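Novice: After the sequence you'll find the predicted model.
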Amino acid sequence: MEWAPQQKVLAHPSLAYLFTHCGWNSTVGLRISPDENGIITRKEIKIKVEELVGDGSLRARALNLKEVALKSVREGGSSYNNFLRLVQWLKA
């Protein structure tokens, strides 16, 4: 089985939000609450998805975080500069 083209999938206009088990690049900061048995229920996930889709402030925050991340990897950005320092250190 081949991997799906992640960038193409994530860029598709039908994708509103990505819900994953974890992953720094996939989180928006919602608190998922397990039930009394420690299980995250279908109902809880439904509530959180509805929160995401209906709350414009979360979308705005996600877009802002996207721009901050893109800025950091551009020439002169913090991640870009840190990577250059790492390369220089490795060469030394």
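Specialist: Done, it's in. Numbers count the residues shown, from 1 in each chain.

Novice: list the helices and strands the helix or strand that Asn64 is a member of packs on?
Specialist: Taking DSSP states H and E as the definition, Asn64 sits inside helix 56-73. Applying 3 or more Cβ pairs under 8 Å, 6 or more residues apart in numbering; DSSP states H and E, we find helix 56-73 packed against helix 42-54, helix 78-91. Where C-beta positions appear, they are placed from N, C-alpha and C, glycine not excepted.

Novice: Worst mean pLDDT among the ones you listed?
Specialist: Here the lowest mean pLDDT among those goes to helix 42-54, at a mean of 83.

Novice: what comes up buried for that helix?
Specialist: Under the neighbour-count criterion of 16 or more other Cβ atoms under 10 Å, helix 42-54 has 48, 52 buried.

Novice: Check stretch 57-67 too.
Specialist: Result for stretch 57-67 [16+ other Cβ under 10 Å]: buried residues 58, 62.

Novice: Number the residues from 638 up from this point.
Specialist: Okay, using 638 as the starting number, the last item reads as stretch 694-704.

Novice: how close does Lys708 sit to Arg698?
Specialist: 16 Å (Cβ to Cβ, to the nearest Å).

Novice: what's the span of stretch 686-700 from first residue to last?
Specialist: 17 Å (Cα to Cα, to the nearest Å).

Novice: One more: stretch 706-724?
Specialist: Note: stretch 706-724 ends 20 Å apart using Cα to Cα.

Novice: Assign a three-state SS to Leu647, would you?
Specialist: helix (DSSP: H, G, I helix; E, B strand; the rest coil).

Novice: That one: neighbouring residues, count only.
Specialist: By other Cβ atoms under 10 Å, 12 other residues sit near Leu647.

Novice: Likewise for Ala648?
Specialist: 9.

Novice: and if you look at Leu723?
Specialist: Count around Leu723 with other Cβ under 10 Å applied: 10.

Novice: What of Val646?
Specialist: 11.
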